[in-house]
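**Q** predicted coordinates and the sequence they were generated for:
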Amino acid sequence: MNLRSLLRTVPAAVRRDYGATLVVQFAVLGIGLYLFHLVAERGGVDGFAFYQIARSMVSTVQPALLLGLGVSLYRFLPRTVHTTRRLAWQALAIEAVMVTAATLAGAAAGDQIAALLGLPGGRSATIAVLIMLGGNCLCTVALTALRGAGRVAASNLVSGIGFGVIPLVTFAATDRIADFVLLQGLATAVVGIAATLTIRRRPARSTATAPEPGITTLIAYGIRRMPGELALPAFYTLPTLAVAMRTRGGPEAGYAGFTTSAVTLICSVFAMLTPVLMPRLSRLFHSEGEHRGERRLLALLPWLAAVVAALPTGVIVLFAPAMVHGFLGDGFTAAVPVLRLGVLAAIPLAMFYTARPVLDVLSEAKVMSRLLVACLLVEVVVAVAGRGLFIAPYAAIIGLLSAATALGLIATWLSTRALRRPPS
């Protein structure tokens with residue numbers, strides 16, 4: 001089959017859901033980039049570094065508090081009918097306990113955490129970041145539960161409000177960066193709780209009476225996935241946090257954070273395949289049939305993704321000075337070479353994200369976890385080794401680029417091998 005024939009095998013509903021999800025994701029990322037400009041304008045180099053450190057701290061710790069529930073809800077909620085709403089509420093309740101415990105524990109060590117990362121404000125700054133973390137966790141559980149329950153439009157709406165509209169509104173309502181972070185977390189938590197109220201029982205599609213997964217199934221699978229779920233965001237946050245600790249919150253941490261945000265912007269096109277495809281692939285590959293056309297298309301996707309990702313990557317490399325000065329200001333010229341080097345990681349990471357839905361459905365949890373943890377170790381080793389040769393941001397970004405290359409190529413190979421196995 002040629003490429004055009006393969007693309008025709010994609011159902012219209014998948015194309016529609018992917019398109020809508022992508023529009024919302026780009027809107028959220030666009031607002032995030034605009035906030036970079038606003039924060040840099042209001043807080044200067046130091047305020048921008050604070051904001052990037054806060055975002056990196058949230059992204060690093062959030063997977064540990066989620067207990068893998070995001071992936072579990074994508075994988076198992078599509079197989080429920082009677083227990084859909086109950087599972088969603090149980091997941092949210094567990095998450096509420098986790099974020100409350102983490103906030104209390106982090107507040108007790110607030111001064112030490114702030115000193116380690118160079119956050120001005122001591123314990124109060126740490127608490128603000130922890131509340132932002134809690135709000136993100138609750139909202140994430142809600143939108144993944146909606147997606148697993150087949151409520152794609154509602155999930156996109158929650159994502160747009162919680163991670164797009166709320167940050168803009170709370171920024172306008174506050175004067176200090178720390179207050180903005182705190183208020184954003186509180187408002188996002190409210191959105192997540194309200195969204196979970198809308199989840200209802202899924203309509204039955206057949207007369208099958210197979211036992212439905214319970215909360216212990218979700219937790220057990222999620223915990224097995226946790227090492228990988230911790231490692232993936234650490235790919236992006238490690239450069240910022242490592243530079244922050246080495247420079248005691250210096251402006252270079254902001255440069256690293258801006259670079260990883262550019263990589264995230266490019267990869268968002270491909271990362272959105274997981275919430276769109278994974279629930280459907282979970283049903284597809286657990287039904288009868290060989291699904292040859294779908295398997296061929298899925299095997300080709302990572303290589304198509306590399307070609308597509310190379311286009312915006314090249315644009316950023318060429319126009320990095322204009323982008324940095326336009327978004328952040330003339331005082332951020334030193335971020336230009338860091339951005340040009342780090343954005344290259346988007347190409348292999350795009351390959352990983354298009355291979356990920358297949359690995360999540362057709363492979364055991366430990367396969368993805370081991371891959372992500374191993375590649376994160378590559379990033380750490382290369383970054384540490386590079387400290388003797390390069391200044392802090394370059395060493396960290398070279399570590400990211402090395403690990404991303406390994407992750408993209410190995411994930412593509414593993415997914416191709418999984419798709420060639422006969423259906424069980």
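**A** Happy to help now that I have it. Numbers count the residues shown, from 1 in each chain.

**Q** please count neighbours and contacts with C-alpha atoms only from this point.
**A** Fine.

**Q** can you list the weak-confidence ranges in the chain?
**A** Across the chain, the ranges flagged by pLDDT under 70 are 1-12, 201-210, 248-250, 275-295, 363-365, 421-424.

**Q** next structured bit after the longest helix along it?
**A** In the chain, taking DSSP state H as the definition, the longest helix is helix 12-66. Sequence-wise, the next helix or strand downstream of helix 12-66 (DSSP states H and E) is helix 69-76.

**Q** check which helices and strands that next one sits against.
**A** Taking 3 or more C-alpha pairs under 8 Å, 6 or more residues apart in numbering; DSSP states H and E as contact, the helices and strands that helix 69-76 lies on are helix 123-148, helix 215-247, helix 273-284.

**Q** what's the angle between it and helix 215-247?
**A** Helix 69-76 and helix 215-247 meet at an angle of 150 degrees, taking axes from the mean of the first three to the mean of the last three C-alpha atoms, to 10 degrees as the criterion.

**Q** from the chain's centre, how far out does helix 69-76 sit?
**A** What separates the centre of helix 69-76 from the centre of its chain is 14 Å, taken as C-alpha atoms, centre = their mean, to the nearest Å.

**Q** next structured bit after that helix?
**A** helix 84-108.

**Q** ok, and what's touching the helix or strand that that next one is followed by?
**A** Reading on from helix 84-108 to the C-terminus, the next helix or strand found by DSSP H and E is helix 110-117. Counting by C-alpha atoms under 8 Å, 6 or more residues apart in numbering, the neighbours of helix 110-117 from elsewhere in the structure are 53, 106, 120-127, 241, 244-245, 248-249.

**Q** what's the angle between helix 110-117 and helix 12-66?
**A** In this structure, helix 110-117 runs at an angle of 110 degrees to helix 12-66, with the same axes, to 10 degrees as the basis.

**Q** ok, the closest residue in space to residue 196 that isn't next to it in sequence - contacts?
**A** Sequence neighbours aside, residue 142 is the residue nearest to residue 196 in space, at 5.4 Å (criterion: C-alpha to C-alpha, 6 or more residues apart in numbering). Each residue near residue 142 by C-alpha under 8 Å, 6+ apart is listed here: 88, 92, 155, 192-193, 195-196.

**Q** can we see that at 10 Å?
**A** Taking C-alpha atoms under 10 Å, 6 or more residues apart in numbering as the definition of contact, the neighbours of residue 142 are 70, 73, 88-89, 91-92, 148, 155, 158-159, 189, 191-199.

**Q** re earlier: which among the contacts of helix 110-117 gets closest to residue 171?
**A** Distances from residue 171 to the contacts of helix 110-117, taken as C-alpha to C-alpha, are shortest for residue 125 (16.1 Å).

**Q** now that closest one: closest residue in space, sequence neighbours ignored.
**A** Closest residue in space to residue 125, ignoring its immediate chain neighbours: residue 178 at 6.1 Å, by C-alpha to C-alpha, 6+ apart.
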